[in-house]
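J.: show me how the following folds:
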Amino acid sequence: MAVRDGVVGSLPLILLGSLFLLLAQPPWPAISRVLPQSKTLLAGYQACAGLVSIYACVATALSLSRRRETDPVAGATTALAVLLVAQYPVNKMLPMAALGAAGLFPAFAAAIFAVETLHAFQQRNWGIKLKGGAPDVIVRSFAALLPTVTCVVVVWFVVHVLGIDLAGGIAAMIRPLLRGGDSLAAVLIVVLIDSGLWLVGVHGISILAAVRPLWLAALAENMAAASAGLPPPHVFTQEFFIWFVWQGGSGTTLAFALMLLFARSKQLRLVGKAGIVPAIFNINEPLLFGAPVVMNGKLAPPFVLTPTVLVILSWCAMRFGIVRPPYIEVVWTLPAPVGAYLSSAGDPKALVLQMVNLMIALAIWWPFVRRYDRELAAREAAPANPG
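T.: Residues are numbered from 1 along each chain as shown. Prediction:
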């Protein structure tokens with residue numbers, strides 16, 4: 001949960017960095033005439049998304065400190081010191097690139113190590129205790145001195161004396177997960193887990209929060225590649241699922257909402273009217289619990305099949321270079337066409353893919369919704385028929 005909070009806490013700066021990157025490489029070149037130079041805008045990107053590991057480390061440490069009931073200031077500063085001292089020097093200089101996307105998982109590890117060490121010292125009453133009515137801030141600073149020194153010196157000794165690249169080693173351990181996440185099997189597993197959980201009434205994304213650090217790392221690496229003029233290397237990002245697979249929410253329920261507007265059943269028509277606007281902005285709970293889709297075997301097949309088909313099509317389109325993978329973080333409540341266009345930095349083929357996916361979703365949902373609508377309409381009309 002602390003790592004999840006670290007990811008969420010760094011998202012505003014990722015969003016701001018994405019804005020700088022989008023303006024540095026605008027979809028419409030004419031805009032460049034009224035904007036600062038590209039290198040000036042990229043400086044804003046580097047300060048935000050380019051140093052995302054620092055922000056994720058601090059946010060994770062603060063969250064874990066609250067859960068462990070330790071001093072949050074000491075936890076955050078110690079974690080940041082551990083992260084920085086863990087960087088293996090390159091030409092006697094601190095490698096700034098390692099504090100971007102590549103350093104996310106070392107940042108999480110630094111935060112956990114620092115806060116858990118502070119917590120262990122606190123539980124055992126190890127530390128310097130001041131008496132005599134000293135100010136509370138001084139008392140807390142001296143109480144954190146011994147565990148902070150222990151953390152920093154231990155990591156410094158391992159990295160700079162023994163020559164073991166801790167941060168690089170952790171990043172290398174996570175690399176296979178990022179590469180594996182880009183596989184077709186991985187994206188299929190994500191949509192199947194999400195759909196399966198929703199069908200039994202469990203919020204899929206809340207359970208899939210465990211993969212959010214991987215999504216963030218993949219997005220940050222895509223942004224770094226794009227800022228250097230290279231193609232984005234990863235498909236496995238949250239933006240890939242939101243804009244191209246889960247249009248309107250899990251199960252691609254934007255298509256479902258559009259169909260309900262023309263349903264014969266009064267119940268479904270009312271649900272469609274209530275759910276269409278939220279679905280446009282990727283909120284589908286009114287549809288899932290109003291139709292309902294949850295625990296409904298008649299609507300379960302399209303709810304699972306639609307995102308499965310779309311994730312295969314979208315993955316192939318991006319993996320084979322037809323459509324540029326998303327690398328711009330945009331607010332997830334935007335309408336799908338806008339989000340697809342902006343997240344790919346104005347790739348018109350991304351917009352085409354999004355619209356094709358919506359048409360396919362409509363085709364898959366249609367026979368199931370039609371059959372279900374007929375059943376409900378007949379049931380609603382039954383009391384009016386004598387006998």
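J.: the helices in the stretch 1-150 of the chain, which residues?
T.: For the stretch 1-150 of the chain, the helices defined by DSSP state H, counting those that start in this stretch occupy 2-24, 38-48, 52-68, 72-85, 104-123, 136-156.
J.: output those as TSV; include the columns mean pLDDT, mean neighbour count and distance to residue 211.
T.: No exception for glycine: its C-beta is placed from N, CA and C like everyone else's. Compiled in TSV, the helices of the stretch 1-150 of the chain are given as follows (pLDDT from 0 to 100; neighbours: other CB atoms under 10 Å; distance: least, CB to CB, whole Å):
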stretch	mean pLDDT	mean neighbour count	distance to residue 211
helix 2-24	89	20	10
helix 38-48	89	17	23
helix 52-68	94	24	15
helix 72-85	94	22	22
helix 104-123	93	23	13
helix 136-156	88	16	28
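J.: select, out of those helices, the one closest to residue 262.
T.: Smallest distance to residue 262 across the helices of the stretch 1-150 of the chain (CB to CB): 36.7 Å, for helix 2-24.
J.: who are the packing partners of the helix ranked longest in the chain?
T.: What stands out as the longest helix in the chain, according to DSSP state H, is helix 348-381. If you count contacts as 3 or more CB pairs under 8 Å, 6 or more residues apart in numbering; DSSP states H and E, helix 348-381 packs onto helix 238-244, helix 253-260, helix 266-280, helix 300-319, helix 336-343.
J.: just the buried positions in the longest one, please.
T.: This points to helix 300-319. Neighbour-count burial for helix 300-319, counted by 16 or more other CB atoms under 10 Å, picks out 300, 302-311, 313-315, 317-318.
J.: how far does that helix sit from its chain's centre?
T.: 19 Å (CA atoms, centre = their mean, to the nearest Å).
J.: same deal with the first one?
T.: The offset between the C-alpha centroid of helix 238-244 and the centroid of the whole chain comes to 10 Å, using CA atoms, centre = their mean.
J.: what's in contact with that helix?
T.: 187, 190-191, 212, 215-216, 219, 282, 310-311, 314, 318, 325-326, 328-330, 332, 336, 339-340, 343, 350, 353-354, 357 (CB atoms under 8 Å, 6 or more residues apart in numbering).
J.: of those, keep whichever come out buried.
T.: Buried, going by 16+ other CB under 10 Å: 187, 190-191, 212, 215-216, 219, 282, 310-311, 314, 318, 325-326, 328-330, 332, 336, 339-340, 343, 350, 353-354, 357, out of the contacts of helix 238-244.
J.: residues making contact with stretch 282-293?
T.: Contacts for stretch 282-293 (CB under 8 Å, 6+ apart): 198-199, 242, 246-251, 253, 256-257, 260, 268, 271, 274-275, 278-279, 294, 299-300, 303, 332-334, 336.
J.: ugh, typo on my part, it should be stretch 187-203
T.: With CB under 8 Å, 6+ apart as the test, stretch 187-203 has contacts from 181, 204-205, 207-208, 211, 235-236, 240-241, 245-246, 250-251, 288, 293-295, 300, 303-304, 307-308, 311-312, 315.
J.: next: stretch 1-11.
T.: 52, 55-64, 67, 107-108, 111-112, 115, 209, 212-213, 216, 329.
J.: 7 Å instead, please
T.: Outside stretch 1-11, the residues that touch it by CB atoms under 7 Å, 6 or more residues apart in numbering are 52, 55-56, 59-60, 63-64, 67, 108, 111, 209, 212-213, 216.
J.: may I ask which two of those residues are separated the most?
T.: 52 and 67 (22.3 Å).
J.: low-confidence bits of the stretch 101-250 of the chain, can you list those?
T.: For the stretch 101-250 of the chain, applying pLDDT under 70 flags the ranges 132-134, 206-207.
J.: coming back round to it: could I get the helices and strands packed on helix 348-381 as a markdown table with distance to residue 166?
T.: Listed next are the helices and strands packed on helix 348-381 as a markdown table, based on distance: least, CB to CB, whole Å:
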| stretch | distance to residue 166 |
| --- | --- |
| helix 238-244 | 28 |
| helix 253-260 | 45 |
| helix 266-280 | 46 |
| helix 300-319 | 33 |
| helix 336-343 | 34 |
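J.: how about those, which one is nearest residue 28?
T.: Closest among the helices and strands packed on helix 348-381, using CB to CB: helix 336-343, at 11.4 Å.
J.: helices or strands up against that closest one?
T.: When contacts are defined as 3 or more CB pairs under 7 Å, 6 or more residues apart in numbering; DSSP states H and E, helix 336-343 sits against helix 238-244, helix 348-381.
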